[in-house]
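*Asks:* Got a predicted structure here, sequence first:
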Amino acid sequence: MKHTSVLFALLVLFMGCKRKEGKQPLKKEKEQPDFVVAFGSCNMPQEPNSFWDDVVAENPDVWIWGGDIVYADTDDVDRIRAIYAMQDTVQGYARLKAEVPIIGTWDDHDFGINDGGSGFAIKKESQQVFLDFMGVPLDSERRNREGVYASHEFELPQGKVKVIVLDTRYFRSDLIRDEDPRRRYRPNTEDGATILGDAQWEWLQGELAHSDADFNLIMSSIQILSGEHGFETWGNFPDEVEKLETMIVDSGAKGVIILSGDRHISEFSRANITGLPYPLIDFTSSGLTHSYSSFSGEPNKYRVGEVVSDKSYGIIDLYFKEKEAHMKIMGDNGAVLQELKQTY
């Protein structure tokens, strides 16, 4: 009888727990994002890219090229054009292009010369080929100005997103080789040394100061916050970094997020800037078809989380009501390799 009573009591207790558990409200799933940004860099059209179907599945509102769309590395304009044409024949990319707006910038390899800048002999011709590939109309004002920088606005009933695409090649001053064998370049602090050039700086100031967007995304082909590794970075021009940070603060622009590529690694960098009411994040996504798989470490005082050295692309889910950006480094088949959330 004693054992029977114990078993009965346990059964009642178990049933009570089950009833209590069954009455708990189901956890509410997060609402769908209002706007989805997909972006990536470092892509060879002749190499397999397993991500295009995954990008399409994310149902993005825009795809942003972060540079090195192709690897031309030549001063032969026809050769550059032919390699861009090869990218357009990639089946997965063709589907994305048919369904999603494509915008973006170039970097050194599609510009035409590794680590190249303002001295590249055919930069004007290369610019026109790039604009052809991006589908920029022949009567666009972009055809008549130097550099490939541009801004794009996306307005929804819930809010507005502005994407500012920079050109870090056309006007960039010379890099200075570092005598330290562990570093390729050292900072250029000469008077007048620039990344963007006077005209682009003036344009950028206006784009930020007059923006009424809820989120302002700035695409720079090279990293802005990570500046200690000695490769290409805005850190090689420290006065330009300070100028940009000051401009962002003074503009009062909401929700500024930096996107970058180039490095063949992906990572998040985050810095607290005096006068800016939210942290400045630099989301680096690189590369699409090849990555720095042997990466063994490098300094970055602004890094959040770990470096992802696998091939990847970037997704940013934007929520207007919550003023939140959900940033994700994405692998194949929808795998989230790392993520960062920020409220603005």
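*Replies:* That came through, no problem.
*Asks:* Please enumerate the helices of the stretch 151-300 of the chain.
*Replies:* Assigned by DSSP state H, counting those that start in this stretch, the helices in the stretch 151-300 of the chain fall at 197-209, 238-251.
*Asks:* Save those as CSV, and put in mean neighbour count too.
*Replies:* Using the backbone N, CA and C atoms, a C-beta is placed for each residue, glycine as well. As requested, those are exported to CSV (neighbours: other C-beta atoms under 10 Å):
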stretch, mean neighbour count
helix 197-209, 16
helix 238-251, 17
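*Asks:* out of those, which comes closest to Val336?
*Replies:* Ranking the helices of the stretch 151-300 of the chain by proximity to Val336 (C-beta to C-beta) places helix 238-251 first, at 28.1 Å.
*Asks:* Low-confidence regions, this protein specifically.
*Replies:* 1-30 (pLDDT under 70).
*Asks:* Stretch 224-242: how far from the chain's middle?
*Replies:* On the basis of C-alpha atoms, centre = their mean, to the nearest Å, stretch 224-242 sits 17 Å off its chain's mean C-alpha point.
*Asks:* Take it and give me the span from its first residue to its final residue.
*Replies:* Its first and final residues considered, stretch 224-242 spans 10 Å by C-alpha to C-alpha, to the nearest Å.
*Asks:* just stretch 116-136 next, same as before
*Replies:* One end of stretch 116-136 sits 23 Å from the other (C-alpha to C-alpha).
*Asks:* buried residues in that stretch?
*Replies:* For stretch 116-136, the neighbour count (16 or more other C-beta atoms under 10 Å) marks 116-117, 120, 122-123, 125-127, 129-131, 133-134, 136 as buried.
*Asks:* again, but for stretch 91-105
*Replies:* Residues of stretch 91-105 classed as buried: 92-93, 96-97, 100, 102-105 (neighbour count, 16+ other C-beta under 10 Å).
*Asks:* tell me the two of the buried residues of stretch 116-136 that are most distant?
*Replies:* Of all pairs in the buried residues of stretch 116-136, the most separated under C-beta to C-beta is Gly117 and Val136 at 22.4 Å.
*Asks:* Skipping adjacent residues, who's closest to the residue most central in space within the chain in space?
*Replies:* For the chain, the residue nearest the mean C-alpha position is Leu259 (3.1 Å; C-alpha atoms, centre = their mean). Excluding its sequence neighbours, the residue lying closest to Leu259 (C-beta to C-beta, 6 or more residues apart in numbering) is Met219, at 4.7 Å.
*Asks:* is the one you found in a bridge, and if so with what?
*Replies:* Note on Met219: beta-bridge partners Val165, Leu259, judged by DSSP bridges.
*Asks:* Next one: it from Val129, what distance?
*Replies:* 20 Å (C-beta to C-beta, to the nearest Å).
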